[in-house]
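>>> below are the sequence and a predicted model for it; my questions follow.
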Amino acid sequence: MADREYADVTDVVADWEKFLKRQYNKKERVELAKEFPHKRSLYIDYRNLEAFGRRGLALADQLVEKPEKVMADVKDALVRLGIIGEKDRRRVHIRFTNLTRKTKIRDIRSNQINTFVAVEGILRKTTEVRPRITAAVFKCLECGTITPPYPQSYGKYQEPFRVCAQCQKKTPLELVPEHSTFVDAQKLRIQESPEGLRGGEQPQTIDIDVTDDLTGSSAPGDRVVINGILRSFQRVNGGTKSTLFDIYVECNAIEVAEKEFEEVNISEEDEAEIHELSQDDKIYSKIARSIAPTIYGNTDVKEAVALQLFGGIPKEMPDGSHLRGDIHMLLVGDPGIAKSQLLRYIVQLSPRGIYTSGKSSTSAGLTATAVKDEFGDGRWTLEAGALVLADMGMAAVDELDKMDKEDRSALHEAMEQQTVSIAKAGITATLKSRCALLGAANPKMGRFDEYAPIAEQINMPPSLLSRFDLIFIMTDKPDSARDMAIAEHILKSHSVGELIEKKKRMPVEGVDDAYIEQQLKPVTPDIDPLLFRKYIAYAKRTCFPTIVPEAKEALRDYYLKLRDLADTNKPVPVTARQLEALVRLGEASARIRLSQTVDIEDAKRVIKIVDTCLRQVAYD
Ligand code: ADP
Ligand code: MG
């Protein structure tokens, strides 16, 4: 309403003129006019619009409500200012960035159709860039008359009529490509990013139609904000039109986010709490107790996972090579030992965690695939797999031993170089996979054979195993003391759970919140999971420790000892990678204390962990 009154009393184009004059001074406008014969797009920052007083706010509102009118108005203003010519109107795009209000994919509703939206997500699929016809010109095969351009809409090819306007004959029409207009087109699919999902929700997706100068500007795995007009089109089921409509976004601008963890907001109070925690002398055991507290024991695994969550420091070498900071970990264990449970818990602690299974993961598998399917309407489509979607985060891959062959070979590159290269048909691409991998696997025969050497029962080639910084063997040998403790622990969590459920239905005598809290103690994390996530994000953002000489010596000496002890017949080779692993783990250990130095205590801590792991698989 307000917007209509506003439009009645003011000249909107004049307002756009004023706005543009504010953005570009006279000299800049002259420059712009010189650029526009080649330039395709003018970008307008939405924040500037909002900062342009009451009128700016009204224009900003109009953009959301009537995007097409706004784009035409801006072009009018550009023509009036002499920046573009009349004839440039069709060719030039007005693009808007940095919208303040973002819509979640799952919250998109029909009342937003034909409005301007900004949707956040992670790019899952992209097709090749191919020309699409936007205005088709036909020729009558009877009399040779050329028709005027016939506009084509998204998705379906439309032929104008069956009767030639000139000769009045019913006639086949032939497309004349050289008189028709084409545009570069690409289709994308984005999905909700993992940090926005709670408790195992399936990510939802939306498709994006990208044209002209925006095509080819993003790759699967990119975190993007897509700005554009929400469009709908009618579904067709086997030739008949349905009453259901599908939606997509007609893309106006793509913003690619590069920064790590910017989604995690850390307040000043959080910061103070994090600093206090980091100075606690029991911080390492506190952290271990905050990882999957309902799972009993496995303290060594939990300590190692803590280091993995904090991670080491990635480094760019002077020769251009890249050293990863992410720590890869593998759990090989008997069934029913809570591996899956652990993985599911840990992805929730990681600020960007993805849980997937080597066996049942999506068609794109762990790395990436190129396929020609109906999504691309005959074009090749590149689809990101789990490790690419987990870029800058953590991928927890259950049943890693069951992954398919193609992934197995691609995993080498994905883990060490942290890239995924695809060269297939028309598609060549290198995607980023800068994530920490936490894998779980069963032994070769499903469970460990007590009488065979453990190391030989891991179902993975040495080349792959050597890329893990830590490999844990989890055996389920009956041990009455431990079994008793686990049983107590499991039964305890179950009975507390029962109590909570019961109390929901009716009051239980003697059971109040304080009582439940008391009972829950052993299965409640020491550090609240939300704060824990922030702690990790904060450490990764602010803490970049260096190794003190004493710690360096300790790591070096241990590595030399390892090389001496290593049994070359074992499947897990001791290579220079172990030394790099020690450095990364040391850095992670220092980060937990928010320390700027990796000290001797860090070195000792990580040597102990690495030694526990290697003792079982690399030497005796
Ligand atoms: P895996 O993936 O190793 O085969 P799961 O993660 O599916 O095993 O675990 C099986 C069940 O046993 C889970 O419900 C888990 O909570 C329980 N469990 C196994 N070990 C423990 C433990 N140490 N503490 C608590 N629960 C456990
Ligand atoms: Mg399992």
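Received, thanks. Ligands and ions are numbered 1, 2, ... in the order given.
>>> and stretch 333-352, does that touch ligand 1?
Yes: residues of stretch 333-352 contacting ligand 1 under CB under 6 Å from any ligand atom: 333, 335-341. No exception for glycine: its C-beta is placed from N, CA and C like everyone else's.
>>> stretch 458-476 too?
No: Stretch 458-476 does not reach ligand 1 (CB under 6 Å from any ligand atom); its nearest approach is 7.5 Å.
>>> from start to finish, how long is that stretch in a straight line?
Counting by CA to CA, to the nearest Å, you get 15 Å between the two ends of stretch 458-476.
>>> mind listing what's buried in it?
458, 460, 464-474 (16 or more other CB atoms under 10 Å).
>>> list just the nearest of those to ligand 1.
Ranked by distance to ligand 1 (CB to the nearest ligand atom), the buried residues of stretch 458-476 are led by Met474 at 7.5 Å.
>>> hang on, the earlier thing: so which of the buried residues of stretch 458-476 sit within helices?
Of the buried residues of stretch 458-476, the ones assigned to helices by DSSP state H are 464-465.
>>> any chance of the residues of stretch 333-352 next to ligand 1 in JSON lines, plus secondary structure and pLDDT?
Formatted as JSON lines, the residues of stretch 333-352 next to ligand 1 follow (DSSP: H, G, I helix; E, B strand; the rest coil; pLDDT from 0 to 100):
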{"residue": "Gly333", "secondary structure": "strand", "pLDDT": "91"}
{"residue": "Pro335", "secondary structure": "coil", "pLDDT": "91"}
{"residue": "Gly336", "secondary structure": "coil", "pLDDT": "90"}
{"residue": "Ile337", "secondary structure": "coil", "pLDDT": "90"}
{"residue": "Ala338", "secondary structure": "coil", "pLDDT": "91"}
{"residue": "Lys339", "secondary structure": "helix", "pLDDT": "94"}
{"residue": "Ser340", "secondary structure": "helix", "pLDDT": "93"}
{"residue": "Gln341", "secondary structure": "helix", "pLDDT": "92"}
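>>> which SSE is the nearest residue to Asp602 once chain neighbours are set aside in?
Using CB to CB, 6 or more residues apart in numbering and skipping residues adjacent in sequence, the residue nearest Asp602 is Ser589, 3.9 Å away. Using DSSP states H and E, Ser589 sits in helix 576-592.
>>> and the gap between Ser495 and Thr127?
According to CB to CB, to the nearest Å, Ser495 and Thr127 sit 54 Å apart.
>>> Three-state assignment for Lys18, please.
Put simply, Lys18 is helix when judged by DSSP: H, G, I helix; E, B strand; the rest coil.
>>> any idea how far it is from Asn25?
In terms of CB to CB, Lys18 sits 13 Å off from Asn25.
>>> okay, the two: which has more neighbours?
Between Lys18 and Asn25, counting by other CB atoms under 10 Å, Lys18 is the more crowded of the two (15 against 10).
>>> give the closest residue to that one in space, chain neighbours not counted.
Lys18's closest residue in space is Arg55 (CB to CB, 6+ apart), at 7.6 Å.
>>> ok, Ser495 and Thr127, which is more surrounded?
Thr127 (24 against 11).
>>> ok, which residues in the stretch 251-400 of the chain are in contact with ligand 1?
So the stretch 251-400 of the chain meets ligand 1 at 295-297, 333, 335-341 (CB under 6 Å from any ligand atom).
>>> name the SS class of Asp401, please.
Classified using three-state DSSP, Asp401 is helix.
>>> give the contact list for it.
By CB atoms under 8 Å, 6 or more residues apart in numbering, the residues touching Asp401 are 358, 441-442, 459-460.
>>> are any of the residues of stretch 333-352 next to ligand 1 buried, and if so which?
Among those, the ones that count as buried (16+ other CB under 10 Å) are 333, 337-340.
>>> ok, back up a step: now for the very next helix or strand once past the helix holding Ser589, which elements pack on it?
Where DSSP H and E defines the elements, the next helix or strand beyond helix 576-592 is strand 597-598. Packing partners of strand 597-598 (3 or more CB pairs under 8 Å, 6 or more residues apart in numbering; DSSP states H and E): strand 546-547, helix 576-592.
>>> for Ala436, find the nearest of these.
With CB to CB as the measure, helix 576-592 is the member of the helices and strands packed on strand 597-598 nearest Ala436 (9.8 Å).
>>> quick one: average pLDDT of the closest one?
Rounded to a whole number, the mean pLDDT of helix 576-592 is 94.
>>> same question, stretch 76-87
Stretch 76-87 comes out at a mean pLDDT of 90.
>>> any idea how far that stretch is from the chain center?
40 Å (CA atoms, centre = their mean, to the nearest Å).
>>> select, out of the helices and strands packed on strand 597-598, the one closest to ligand 1.
Per CB to the nearest ligand atom, nearest to ligand 1 of those: helix 576-592, 23.8 Å.
>>> okay, buried residues for the closest one please.
Of the residues in helix 576-592, those buried (16+ other CB under 10 Å) are 578-579, 581-592.
>>> skip the chain neighbours and tell me the closest residue to Pro522.
Closest to Pro522 by CB to CB, 6+ apart is Lys492, at 6.4 Å.
>>> which SSE is the one you found in?
Using DSSP H and E, the element containing Lys492 is helix 480-505.
>>> so how far is that helix from its chain's centroid?
Using CA atoms, centre = their mean, the offset of helix 480-505 from its chain centre is 36 Å.
>>> which elements pack onto that helix?
Packed next to helix 480-505, using 3+ CB pairs under 8 Å, 6+ apart, are helix 513-520.
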